[in-house]
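Student: Build me a model:
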Amino acid sequence: MPALWIAHVTVTDEDAYGKYAALAGPAIAKHGGHFIARGGRFVQLEGRERPRNVVARFDSVEAAEACYHSPEYQEALGHARGASERELLIVETTE
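Tutor: Numbers count the residues shown, from 1 in each chain. Prediction:
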């Protein structure tokens with residue numbers, strides 16, 4: 001089943017986070033992920049608001065998780081740590 005990688009982010013250091021984004025996109029693509037939402041308009045209905053929301057679609061939960069643990073994504077993630085507050089989850093779709 002396909003899966004969605006969903007991130008809710010507050011960027012605290014634009015320069016460092018820019019380095020993360022430059023590396024994360026290619027890492028996600030390398031593992032078969034593609035973005036379906038990336039920082040667009042949103043409406044917060046419940047919970048903590050984060051101004052940046054990203055959704056990527058993968059072929060499976062396992063593919064999304066493998067991407068997260070890959071050396072390429074971990075290198076990117078090193079730039080996001082300390083440059084953002086974020087939640088990230090993977091959820092299987094019903095399609």
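
Student: Between the two ends of stretch 5-24, how far is it?
Tutor: 13 Å (C-alpha to C-alpha, to the nearest Å).

Student: no wait, stretch 44-54
Tutor: Stretch 44-54 has an end-to-end distance of 14 Å (criterion: C-alpha to C-alpha).

Student: mind listing what's buried in the longest helix belonging to the chain?
Tutor: Ranked by number of residues, the top helix in the chain under DSSP state H is helix 14-30. By neighbour count on 16 or more other C-beta atoms under 10 Å, the buried set for helix 14-30 is 16-17, 19-21, 23-25, 27-28. Every residue, glycine included, has its C-beta placed from N, CA and C.

Student: Output the contacting helices and strands for that helix.
Tutor: Under the contact definition 3 or more C-beta pairs under 8 Å, 6 or more residues apart in numbering; DSSP states H and E, helix 14-30 sits against strand 34-38, helix 61-69, helix 71-80.

Student: Next, the angle from the longest one to helix 61-69.
Tutor: Spelled out, that is helix 71-80. Angle of helix 71-80 versus helix 61-69, following axes from the mean of the first three to the mean of the last three C-alpha atoms, to 10 degrees, is 60 degrees.

Student: what's helix 71-80 in contact with?
Tutor: 16-17, 19-24, 26-28, 30-31, 67, 86 (C-beta atoms under 8 Å, 6 or more residues apart in numbering).

Student: Quickly note the distance from the nearest residue to Ala21 once chain neighbours are set aside to Tyr17.
Tutor: Setting aside the residues directly before and after it, Ala21 is nearest to Ala76 in space (C-beta to C-beta, 6 or more residues apart in numbering), at 8.0 Å. Going from Ala76 to Tyr17 by C-beta to C-beta, to the nearest Å gives 10 Å.
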